[in-house]
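> generate coordinates for the sequence data below:
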Amino acid sequence: TRLGVRPEHIRVVPNAIDVGAIRRQAAAGPVAPLPARAGGPTLLLPAVALRPNKGPEIAVAALAALPGAALWITGEADDPAGARHRAALEGLAERLGVADRVHLVGRRADVYAVMAAVDAVVVPSLVGEGFGLVAAEAMAVGTPVVVSNRGALPEVVEHGVSGLVVEAGDPAALAGALTRLAAEPGLTDRLVAGGRRRVEGSFDYGRWQREVADVLAGAASRWTVAGRVWGWRSAVSR
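Predicted structure coming up:
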């Protein structure tokens, strides 16, 4: 609307993921070794590249309040920015006494299988995510997800229905949500079921294709009508 477009002319079509392909890849299992599972829950922070805006420090700090839990973090760390951030994360983990429970597993081509292998996916982003892709992917796989309240993440994940939403930048809030997952009977099963319904109903490519086709068909119809009116007016003016 700041650009002068009237609200009635705006239609929002949510982004989409290939739910079927994600589930097939998850079912195939990991193609590369993963760290050994410990006695407590295993958490995953999935990222393409190791960057501070994804909130890995928040997840590491939360781990200090989760005895026995382990954290896996994916993401490319061989580039200069990633290498610097890796050193910072390792230093933080050492200071908090959780270094043996933090595992930087690098960039994974089998990330959906990794999502399926953990107890929860965490998305503690510190920036306004435009969509929250990994949250939707985790829901498609059937793994409970805890996200921050930045950007579109609270729109993708319905708090208490398809996942849990916490205050961004708050390790205590993240640890509290993960503790709740483990302690509240039936919560994980309810969130997993709600997440599956959410992605199938709102974020599957089939829905996206139908909505985009509807928008394009409506636009084509309006342009056709406008063209006919303009042509009639032009003929009259001559």
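
> tell me which helix or strand the most centrally placed residue in the chain sits in.
For the chain, residue 135 is the residue whose C-alpha lies nearest the centre (CA atoms, centre = their mean; 2.3 Å). Using DSSP states H and E, residue 135 maps to helix 133-141.

> which other helices and strands contact that helix?
On a contact count with 3 or more CB pairs under 8 Å, 6 or more residues apart in numbering; DSSP states H and E, helix 133-141 meets helix 19-27, helix 111-117, strand 120-123, strand 145-148, helix 153-156, helix 187-198. In this view, the C-beta of every residue, glycine as well, is placed from N, C-alpha and C.

> if we use 6 Å, what do you get?
Secondary-structure packing of helix 133-141 (3 or more CB pairs under 6 Å, 6 or more residues apart in numbering; DSSP states H and E): helix 19-27, helix 111-117, strand 120-123, strand 145-148.

> ok, which of the ones you listed comes nearest residue 195?
Nearest of these to residue 195, taken as CB to CB: strand 145-148 at 6.7 Å.

> ok, the closest one: who's next to it in the sheet?
strand 120-123 (parallel), strand 164-166 (parallel) (DSSP bridges).

> ok, residue 106 - contacts?
Shown in contact with residue 106 (CB atoms under 6 Å, 6 or more residues apart in numbering): no residues.

> ditto for the one 10 residues further on
Residue 116 makes contacts with 26, 141, as judged by CB under 6 Å, 6+ apart.

> redo that, cut-off 10 Å
By CB atoms under 10 Å, 6 or more residues apart in numbering, residue 116 lies in contact with 22-23, 25-30, 44, 110, 138, 141-143.

> quick one: average confidence on stretch 113-123?
Stretch 113-123 shows a mean pLDDT of 97.

> any idea how far residue 48 is from residue 134?
Separation of residue 48 from residue 134 (CB to CB, to the nearest Å) stands at 9 Å.

> overlap of the contact sets of the two?
Common contacts of residue 48 and residue 134 (CB under 10 Å, 6+ apart): 54, 74, 111.

> let me know the closest of the residues you listed to residue 169.
Lowest distance from residue 169 to these (CB to CB) belongs to residue 54, with 12.1 Å.

> quick check: phi and psi on the closest one?
Dihedral pair for residue 54: phi -90, psi 0, per degrees, to the nearest 10.

> and it, how many residues sit next to it?
26 (other CB atoms under 10 Å).

> residues in contact with the spatially closest residue to it that is not a sequence neighbour?
Leaving out its chain neighbours, the residue that sits closest to residue 54 by CB to CB, 6 or more residues apart in numbering is residue 47, at 4.6 Å. Shown in contact with residue 47 (CB under 10 Å, 6+ apart): 53-56, 73-77, 82, 107, 111, 123, 125, 134.
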